[in-house]
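Colleague: when you get a sec, could you give me coordinates for this:
(one chain, ligands or ions: 1)
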Amino acid sequence: MARVRWTIGNWKQNLFRGTAELLATEIVDGLPPELLEGPVRTKIGVAPTMVALDALAPWSRPAGPLYLFGQNCAAQEEGAFTGEVGPGQLADVGVHGAIIGHSERRTHFHEDDALIARKVLCALQGGLRVVLCVGEGLEIRESGNHENFVISQLSASLAGVDPELFQDRLVIAYEPVWAIGTGKTASARDAGAMHRRIRTWLTEQYGATGADRSILYGGSVKPGNAAGLMAAGDVDGFLVGGASLEAEAFLQIVRLVAEAS
Ligand SMILES: O=C[C@H](O)COP(=O)(O)O
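Modeller: From the prediction side, this is the model:
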């Protein structure tokens, strides 16, 4: 199975219903026709704020070209969990998947690996795609222990998740925390080394099912650095924050992902 390329915009806590619709329109209108009509070389996703998700249905698959992602998903299907949104409720408004384990959720909302593993399991069991985020902070990078740290985070975030559920639905995103929203990007060499390490681990753990995972890079991805990162090898696309809020910048990144050799 050829690995799928993804370009996913994480809009974080930005935009309102109307401005999210406007941005989705600009993105869809600007998509190169060959991406829409020919063999698609990158799947394109957007993750708006929860309350704008259903408004984007006209642009989302199968009616449109976009895959819709929640920026979070509950660890249980339903019940007395104030403030939570479960996988069935997301799917009900046309959502295809959820970003889980983003470092902003790990840091600001104290989500640990055990909770994240429950969320991954719940989302996959609920039929959603999952973009599972892992990544080290600056201190760990500087200590030289970053590869071990990321692998243990990955291993703990997938604990108890049956690989039969992965199918084509589990995507990994490596996002070094020190590169998120800072303008600092991992060098292509460093990103490539981490992606290779992650793929080796996935292959050791899960065989072909692991080897086939798409592994995305995230952290200050811009049109100017996207081609270099794609060339690093084992980089199957991007999870883009800030640059995904500008249609033209996001579209340029989409093109670079699609066209990378
Ligand atoms: O989910 C996206 C990442 O947090 C990257 O954000 P950024 O591109 O603004 O650095």
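Colleague: please count neighbours and contacts with C-alpha atoms only from this point.
Modeller: Noted.
Colleague: for residue 60, which non-adjacent residue is spatially closest?
Modeller: Nearest residue to residue 60 in three dimensions, chain neighbours excluded: residue 66, at 4.3 Å (CA to CA, 6 or more residues apart in numbering).
Colleague: so which elements touch the helix or strand bottoming out on mean pLDDT in the chain?
Modeller: For the chain, scoring each helix and strand by mean pLDDT, DSSP states H and E identifies helix 33-37 as the least confident one, at a mean of 76. If contacts are counted by 3 or more CA pairs under 8 Å, 6 or more residues apart in numbering; DSSP states H and E, helix 33-37 sits against no helix or strand.
Colleague: so which elements touch whichever helix or strand comes after that helix?
Modeller: Note on helix 33-37: by DSSP states H and E, the next helix or strand toward the C-terminus is strand 43-47. Strand 43-47 is packed against strand 6-10, strand 66-70, with contacts defined by 3+ CA pairs under 8 Å, 6+ apart.
Colleague: just the mean pLDDT for strand 43-47, thanks.
Modeller: Averaged over strand 43-47, pLDDT sits at 97.
Colleague: CA atoms of that strand as PDB?
Modeller: Below are the C-alpha coordinates for strand 43-47, written out as PDB (Å, rounded to 0.1, in the frame of the first residue of the first chain):
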ATOM      1  CA  LYS A  43      -5.400  14.500   0.800                       C
ATOM      2  CA  ILE A  44      -6.300  17.900   2.100                       C
ATOM      3  CA  GLY A  45      -7.700  18.400   5.600                       C
ATOM      4  CA  VAL A  46      -8.800  21.400   7.700                       C
ATOM      5  CA  ALA A  47      -9.500  21.400  11.400                       C
END
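Colleague: quick one, that strand and strand 6-10 angle?
Modeller: Relative orientation of strand 43-47 with respect to strand 6-10: 10 degrees, computed using axes from the mean of the first three to the mean of the last three CA atoms, to 10 degrees.
Colleague: from here on, call the first residue 9.
Modeller: All right, first residue 9 from here; so that's strand 51-55.
Colleague: just the element for the closest residue to residue 79 other than its chain neighbours, please.
Modeller: Nearest residue to residue 79, sequence neighbours excluded (CA to CA, 6+ apart): residue 107, at 4.9 Å. Here residue 107 sits within strand 105-108, counting by DSSP H and E.
Colleague: buried residues in that strand, which are they?
Modeller: Of the residues in strand 105-108, those scored as buried under the neighbour-count criterion (16 or more other CA atoms under 10 Å) are 105-108.
Colleague: report pLDDT for the closest residue to residue 169 other than its chain neighbours.
Modeller: The shortest distance from residue 169 to any residue that is not its chain neighbour, by CA to CA, 6+ apart, is 5.6 Å, and that residue is residue 129. Among the per-residue scores, residue 129 holds a pLDDT of 98.
Colleague: in what helix or strand does residue 138 lie?
Modeller: Residue 138 is part of strand 137-142, with elements assigned from DSSP H and E.
Colleague: now do residue 179
Modeller: Taking DSSP H and E as the criterion, the element that holds residue 179 is strand 178-182.
Colleague: run through who's touching that strand.
Modeller: Strand 178-182 has contacts (CA atoms under 8 Å, 6 or more residues apart in numbering) with 132, 137-143, 202-203, 221-226, 246-247.
Colleague: intersect these with the contacts of the ligand.
Modeller: Taking CA under 6 Å from any ligand atom, the overlap between the contacts of strand 178-182 and the neighbourhood of the ligand is 226, 247.
Colleague: contacts only, for the spatially most central residue of the chain.
Modeller: Nearest to the centroid of the C-alpha atoms of the chain, with distances taken as CA atoms, centre = their mean, sits residue 139, at 4.1 Å. Residue 139 is in contact with 105-108, 178-181, counting by CA under 8 Å, 6+ apart.
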